[in-house]
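Peer 1: have a look; sequence and predicted model below, questions after that.
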Amino acid sequence: MASRKPMPEAMVKAVDEICIETEKQGSRLWLDAEQQVLQKGLDDWAIEMMRKHNRSPTPIVYNTIQGYLKGSKANLDHHITLAAQEGWSLGIKLVRGAYIEHETRSLIHDTQADTDRSYDLIADTLLCQRMPDGKEDLPFPNAALFLATHNAASATKAIATRQDRLLANKPTVMLECGQIQGMADELSCELVQNYERALEQSSAANLTVPKAFKCLPWGSVAECMGYLHRRAIENRGAVERTRHMVTALRRELWRRIVG
């Protein structure tokens, strides 16, 4: 992967089997990001997987883009351009990033505010179906966005943008949101509550509120420790949300008890 060589044949066969079974059960395959020494090779592999298996309007394979990287918007533009030129569906899972302690620092945005702007810009580009500069003559490809975030402001902004476009009869992409099990549960509860409210008020055909997902790491302690360690580093700001989270969870508990 570091040398950007093609995927080994045995892995190609295994990945193809996974993608075929994923499609059969109506699921999606989300690829996690890696450190930049590996990411360009992983992007090559992910694009090849999407090129082969994302042939229907709804993507099966999603690649991950890390918003804290200075090159993340250019990477998104590359994905959009290839999908538009070659006619496959683009699946993007958007995260802020999890390798800040191990990554080359110059590759990462200088401030948290810059990272927030980068993250929201990438989401907005997909939701508003904006082609990269110089590629405006190409039709925007079929695409879907999985917003993996514990940041309520980013989730609220993205959902509002998509809703505004739907109300204005403008095209947009499928949007879903997700948080890690045990983290940002107050945001997950709010998303689920909004979805349930929309389900009650709308027919299935008109339902536009994004579904909420919880990511549950599965495996042995040894297999999951690296992943959970990165998530803990990524979510240092969770301590600052503790008071807000307690208040939100109390409100959700009251809603479930008394309605």
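Peer 2: Received it, and whenever you're ready, just let me know what you need.
Peer 1: so, low pLDDT: which residues of the stretch 151-259 of the chain?
Peer 2: 182-188, 190-208, 231-249, 259 (pLDDT under 70).
Peer 1: for it, which segments count as helices?
Peer 2: Under the criterion DSSP state H, counting those that start in this stretch, the stretch 151-259 of the chain carries helices at the ranges 152-167, 185-201, 221-234, 242-258.
Peer 1: on contacts alone, who are the packing partners of the first one?
Peer 2: On a contact count with 3 or more C-beta pairs under 8 Å, 6 or more residues apart in numbering; DSSP states H and E, helix 152-167 meets helix 112-127, strand 143-148, strand 174-180, helix 185-201. C-beta here means a position set from N, CA and C on the backbone, and glycine is covered the same way.
Peer 1: where does residue 23 sit: helix, strand or coil?
Peer 2: helix (DSSP: H, G, I helix; E, B strand; the rest coil).
Peer 1: give me the nearest residue to it, chain neighbours excluded.
Peer 2: residue 60 (5.3 Å; C-beta to C-beta, 6 or more residues apart in numbering).
Peer 1: list the contacts for the one you found?
Peer 2: Taking C-beta atoms under 8 Å, 6 or more residues apart in numbering, we find residue 60 in contact with 19, 22-23, 28-29, 53-54, 91.
Peer 1: pull the most distant pair out of these.
Peer 2: Spatially, the most separated pair among the contacts of residue 60 is 23 and 91, at 12.4 Å (C-beta to C-beta).
Peer 1: so those two - more neighbours on which side?
Peer 2: Neighbours were counted for residue 23 and for residue 91 using other C-beta atoms under 10 Å; residue 91 has more, 30 against 18.
Peer 1: within the helices and strands, which one has that one?
Peer 2: Taking DSSP states H and E as the criterion, residue 91 maps to strand 90-95.
Peer 1: can you read off the pLDDT for the spatially most central residue of the chain?
Peer 2: Centroid-nearest residue in the chain, with C-alpha atoms, centre = their mean: residue 93, separated by 2.4 Å. Residue 93 is assigned a pLDDT of 98 by the prediction.
Peer 1: who does it form a beta bridge with?
Peer 2: Beta-bridge pairing of residue 93 under DSSP bridges involves residue 64, residue 146.
Peer 1: my guess is it contacts residue 61, does it?
Peer 2: No. At 10.2 Å, residue 93 does not count as touching residue 61 under the criterion of C-beta atoms under 8 Å.
Peer 1: overlap in contacts, those two.
Peer 2: What both residue 93 and residue 61 touch, as defined by C-beta under 8 Å, 6+ apart, is the set residue 31.
Peer 1: follow-up on the earlier one: min pLDDT across the contacts of residue 60, which one?
Peer 2: residue 28 (93).
Peer 1: got a list of what that residue touches?
Peer 2: By C-beta under 8 Å, 6+ apart, the neighbours of residue 28 are 22, 59-62, 91, 146.
Peer 1: need those residues in JSON lines with distance to residue 138, can you?
Peer 2: JSON lines is the format used below for the contacts of residue 28 (distance: C-beta to C-beta, whole Å):
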{"residue": "22", "distance to residue 138": "28"}
{"residue": "59", "distance to residue 138": "18"}
{"residue": "60", "distance to residue 138": "22"}
{"residue": "61", "distance to residue 138": "21"}
{"residue": "62", "distance to residue 138": "21"}
{"residue": "91", "distance to residue 138": "18"}
{"residue": "146", "distance to residue 138": "23"}
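Peer 1: so which of these is the most crowded?
Peer 2: Most surrounded of the contacts of residue 28: other C-beta under 10 Å gives residue 91, at 30 neighbours.
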